[in-house]
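S.K.: Following is a predicted model, sequence given first.
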Amino acid sequence: MKSAAETLTPTRVKLTVEIPFEELRPSLDAAYQKIGKQIQVPGFRKGKVPPVVVDQRIGRAAVLDEAVNDALPKMYLQALQENDLQPLGQPEVDVTNFSDGEVLEFTAEVDIRPEITLPDYTGLRADVADLEVTDDEVEEQLQGLRERFGALNDVDRPAAEGDHVTIDLVASENGELIEGGQAEGQAYEVGKGTMVDGLDDALVGMSTGESATFRSQLVGGDLAGREVDIQVTVNAVQEQELPALDDEFAQTASEFDTVDEMRADLRERLIRAKRLEQASEARDAVLEALLGQVEVPLPEGAIAEELQARRQQVTQQLAYAGMTQEQYLEAEGQTAEEFEADLERRVRDAMTAQFVLDEIATKEQMGVNEAELTEHLVRRAQQAGVSPDEYAKHAMEHDHISSLVSEVVRAKALAHVVEGATVTDGSGNEVELSRLQPDGTYADPAADGEDPAAADSEQSAAVEGGDEPGVEVADASTEQARA
């Protein structure tokens, strides 16, 4: 076999391949065997039909087509290896010449990884915002703890904002009940705004046993977005009684003897959480500084494929959340054009980061050992809410192991760059980058799985220490695990 590669653009090549007919013999034999098993010929057992009989019954042309279809993928891969090419996406193959007994010629155009000239990535500099914990944030944590230990007491009065109610909901359209549009015994805090629009306005002033009807749009199911009548019935009204913020409460809610000690512990935990957030911001800033120093041509075909995949992912996530794309865009204050432009920017940024980090990993000869891959797999399983065994089985069945390995390698490459960088906050203090994540690892900036509103490089920080003595930080947003 002979092959040659022609560079069409920095990210696309055209392979021209010539295969002598004799090299097609194994594929030709396989074609006769495959077709011979599919036909019934009197006097011959199934699968034992001679080639000459196959030619008579099916035709030589059908056999040649089958042989070519069998040979092309193998010869294409061999041509890639001979020309040291790393393909991205599926090739566009065109058989340019072939007849019985003659040389098979075909071309294949495919996107490839671009060649990158890396800049000096040691000693990069970046800036981040100051770390600050306010008194209001500490008091918010204390309030969360009080609410956690508070009691709900029945009250004989109309519901007001902040009260807890138990309600029944019934949705109907033109007097007809909507299938699946009922909910009984639903607990809800008035004013939270976490259910259908108009519910809070309807509940304020309602007493136990009363009903009211209002118009609103359904937020889930097949009828999401349709405006219907919703009847709400109040079964109970309760107000929350909070414990006094005193030393007795501190001893109940924590291991501390006084409120001051508990407040100091909460402040320290918030500081640690914000240090992790600041270090994550520093990582993103260093990556941005790195990418700003290198030009990376991007394969438009691969960009188009990734954009389509992301659009489908967004559509699935919104459907799962019971939202239409129009509702999502309205909530985000974006037009469809702005959303599409933002999505393309994030895809391009992610692909650029992927190429650069892969190149650094190659230069630094970085690999992945079994322990690192296992740790990453366990972390991914936790994010997905499944067991590590279940996640590993799914990854094996869908051939995702190589992608997981790539994520670990890129994370190590980014860690290497960040460790050599200098990052300062607004006050000129150097940020301690070892706090980037509790286990010292880095998330792959090109990894999938973000929600529609999240940028590719954005990650949330984890609060250090689950078994550490003290009190828990009540705000769940500071306890999110990093991707």
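M.R.: Nice, thanks for sending it over.

S.K.: could you give me the average pLDDT of the helix or strand containing residue 236?
M.R.: For residue 236, the host element (DSSP states H and E) is strand 227-241. Mean per-residue pLDDT for strand 227-241: 94.

S.K.: What strands line up against it, and which way round?
M.R.: Using DSSP bridges, strand 227-241 pairs in its sheet with strand 151-154 (antiparallel), strand 164-173 (antiparallel), strand 211-217 (antiparallel).

S.K.: residue boundaries of the helices in this protein?
M.R.: For the chain, the helices defined by DSSP state H occupy 25-38, 51-57, 60-82, 135-148, 199-203, 247-253, 259-291, 300-320, 325-332, 336-363, 370-384, 388-397, 401-419.

S.K.: Generate CSV for these, with distance to residue 183 and mean neighbour count as supplementary columns.
M.R.: From N, CA and C alone the C-beta is placed, and that goes for glycine too. Listed next are the helices of the chain as CSV, based on distance: least, C-beta to C-beta, whole Å; neighbours: other C-beta atoms under 10 Å:
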stretch, distance to residue 183, mean neighbour count
helix 25-38, 56, 16
helix 51-57, 66, 15
helix 60-82, 54, 16
helix 135-148, 24, 15
helix 199-203, 11, 20
helix 247-253, 33, 16
helix 259-291, 35, 20
helix 300-320, 19, 15
helix 325-332, 21, 14
helix 336-363, 32, 18
helix 370-384, 28, 15
helix 388-397, 31, 14
helix 401-419, 40, 19
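
S.K.: Could you export those helices as a markdown table, including mean pLDDT and distance to residue 156?
M.R.: Converted to a markdown table, the helices of the chain look like this (pLDDT from 0 to 100; distance: least, C-beta to C-beta, whole Å):
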| stretch | mean pLDDT | distance to residue 156 |
| --- | --- | --- |
| helix 25-38 | 88 | 81 |
| helix 51-57 | 84 | 90 |
| helix 60-82 | 93 | 77 |
| helix 135-148 | 94 | 23 |
| helix 199-203 | 95 | 16 |
| helix 247-253 | 94 | 28 |
| helix 259-291 | 93 | 33 |
| helix 300-320 | 89 | 41 |
| helix 325-332 | 85 | 38 |
| helix 336-363 | 94 | 49 |
| helix 370-384 | 92 | 46 |
| helix 388-397 | 91 | 50 |
| helix 401-419 | 92 | 58 |
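
S.K.: For residue 234, find the nearest of those helices.
M.R.: Of all the helices of the chain, the one in closest proximity to residue 234, counting by C-beta to C-beta, is helix 199-203 (7.0 Å).

S.K.: elements contacting the closest one?
M.R.: Applying 3 or more C-beta pairs under 8 Å, 6 or more residues apart in numbering; DSSP states H and E, we find helix 199-203 packed against strand 211-217, strand 227-241.

S.K.: neighbouring contacts of it?
M.R.: 159, 161, 165, 167, 188, 190-193, 212, 214, 216, 230, 232, 234 (C-beta atoms under 8 Å, 6 or more residues apart in numbering).

S.K.: rewinding a little: how about the strand holding residue 236: buried residues?
M.R.: Across strand 227-241, burial judged by 16 or more other C-beta atoms under 10 Å covers 228, 229, 230, 232, 233, 234, 236, 237, 238, 239.

S.K.: Repeat that for stretch 186-204.
M.R.: For stretch 186-204, the neighbour count (16+ other C-beta under 10 Å) marks 188, 189, 190, 195, 196, 199, 200, 202, 203 as buried.

S.K.: One more: stretch 91-99?
M.R.: Within stretch 91-99, the residues that count as buried by 16+ other C-beta under 10 Å are 91, 98.

S.K.: rewinding a little: looking at the strands paired with strand 227-241, which is closest to residue 308?
M.R.: strand 211-217 (29.2 Å).

S.K.: taking the mean pLDDT, what do you get for that closest one?
M.R.: 93.

S.K.: Would you mind putting the CA coordinates of that strand into CSV?
M.R.: This file holds the C-alpha atoms of strand 211-217, laid out as CSV (Å, rounded to 0.1, in the frame of the first residue of the first chain):
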residue,chain,number,x,y,z
SER,A,211,-58.8,27.2,48.5
ALA,A,212,-58.0,29.6,45.7
THR,A,213,-57.4,29.4,41.9
PHE,A,214,-54.9,31.3,39.9
ARG,A,215,-53.5,31.1,36.3
SER,A,216,-49.9,30.0,35.8
GLN,A,217,-47.6,28.1,33.4
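
S.K.: How far away from the center of its chain is it?
M.R.: Chain-centre distance of strand 211-217: 36 Å, with C-alpha atoms, centre = their mean, to the nearest Å.

S.K.: cool, stretch 243-250 as well?
M.R.: Distance of stretch 243-250 from the chain centroid (C-alpha atoms, centre = their mean) equals 42 Å.

S.K.: Can you check the distance spanned by it, start to finish?
M.R.: 10 Å (C-alpha to C-alpha, to the nearest Å).

S.K.: what does that stretch contact?
M.R.: Here stretch 243-250 has contacts from 142, 146, 149, 150, 252, 256, 257, 258, 259, 261, 262, using C-beta under 8 Å, 6+ apart.

S.K.: and what of stretch 55-63?
M.R.: 28, 31, 32, 35, 39, 41, 49, 51, 54, 100.

S.K.: thinking residue 27 is in contact with residue 71, fair?
M.R.: Yes - assessed by C-beta atoms under 8 Å, residue 27 is found in contact with residue 71 at 4.1 Å.

S.K.: Touching both of those two, which residues are there?
M.R.: The contact sets of residue 27 and residue 71 do not overlap (C-beta under 8 Å, 6+ apart).

S.K.: Please name the residues that touch residue 8.
M.R.: Neighbouring residues of residue 8 by C-beta under 8 Å, 6+ apart: 14, 109.

S.K.: Over to residue 235?
M.R.: So residue 235 contacts 165, 166, 167, 168, 185, 208, 209 (C-beta under 8 Å, 6+ apart).

S.K.: now residue 154
M.R.: Residues in contact with residue 154 (C-beta under 8 Å, 6+ apart) are 236, 237, 238.
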